[in-house]
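[1] Pasting a predicted model and its sequence here:
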Amino acid sequence: MDARRPLENGIIIELDGIKYSITEFYSSGGSCLVYNAEYRDSMNEVHTVRIKEFYPSDVKTTREGKMLIFNDEAGKTKYQKRFIEGVKLQSKLRSIEINVNDIAALRDISYANGTIYSV
């Protein structure tokens, strides 16, 4: 893996009022790290999700606990735009009936801990 530091297993991140527990680091891409995570709904049922954390490999970034601190605002803005465009494209492609079972459903994007997440 590159120099990016993934979140540790068991860490809780809160996105839009939902607390997700990171269960494992899954994968990485050029603009993100991907995790498996769990959350409990209002009926106390456990759900497994995949979370993408915007954390580009080409932008100097420091992790302090859950927080990401970007040391290159221009680079962050450039890659952030691409990340959001990718999430929108994934959502559009999933809406095509033939892709429903092949492309992961996206809940939304959330801003927290100095970065963006898609669930």
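    Great, that's in hand. Numbers count the residues shown, from 1 in each chain.
[2] mind saving the C-alpha coords of the longest strand anywhere in the chain as PDB?
    For the chain, the strand that runs over the most residues, judged by DSSP state E, is strand 18-28. Presented in PDB, the C-alpha positions along strand 18-28 are these (Å, rounded to 0.1, in the frame of the first residue of the first chain):
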ATOM      1  CA  ILE A  18     -25.500   7.500  11.800                       C
ATOM      2  CA  LYS A  19     -22.600   5.900  13.700                       C
ATOM      3  CA  TYR A  20     -20.600   3.500  11.600                       C
ATOM      4  CA  SER A  21     -18.000   1.100  13.100                       C
ATOM      5  CA  ILE A  22     -15.100   0.300  10.700                       C
ATOM      6  CA  THR A  23     -14.700  -3.500  10.600                       C
ATOM      7  CA  GLU A  24     -11.800  -3.700   8.100                       C
ATOM      8  CA  PHE A  25      -9.800  -1.800   5.500                       C
ATOM      9  CA  TYR A  26     -11.000  -3.200   2.200                       C
ATOM     10  CA  SER A  27      -9.200  -1.600  -0.700                       C
ATOM     11  CA  SER A  28      -7.700   1.700  -2.100                       C
END
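[3] Show the subsequent helix or strand relative to it.
    strand 32-40 (DSSP states H and E).
[4] Can you list the strands that that next one pairs with?
    Here strand 32-40 is paired, per DSSP bridges, with strand 18-28 (antiparallel), strand 46-54 (antiparallel).
[5] And the first one, what's buried?
    So the one you mean is strand 18-28. Judged by neighbour count (16 or more other C-beta atoms under 10 Å), strand 18-28 contains these buried residues: 20-22, 25, 28. All C-beta spots, glycine's among them, are computed from the backbone N, C-alpha and C.
[6] hmm, back to that, how about residues contacting the longest strand of the chain?
    The contact list for strand 18-28, computed with C-beta atoms under 8 Å, 6 or more residues apart in numbering, reads 1-2, 4, 6-14, 33-40, 48-51, 57, 119.
[7] Now which of these would you call buried?
    By 16+ other C-beta under 10 Å, the contacts of strand 18-28 give 4, 6-7, 13, 33-37, 39, 49, 51, 57, 119 as buried.
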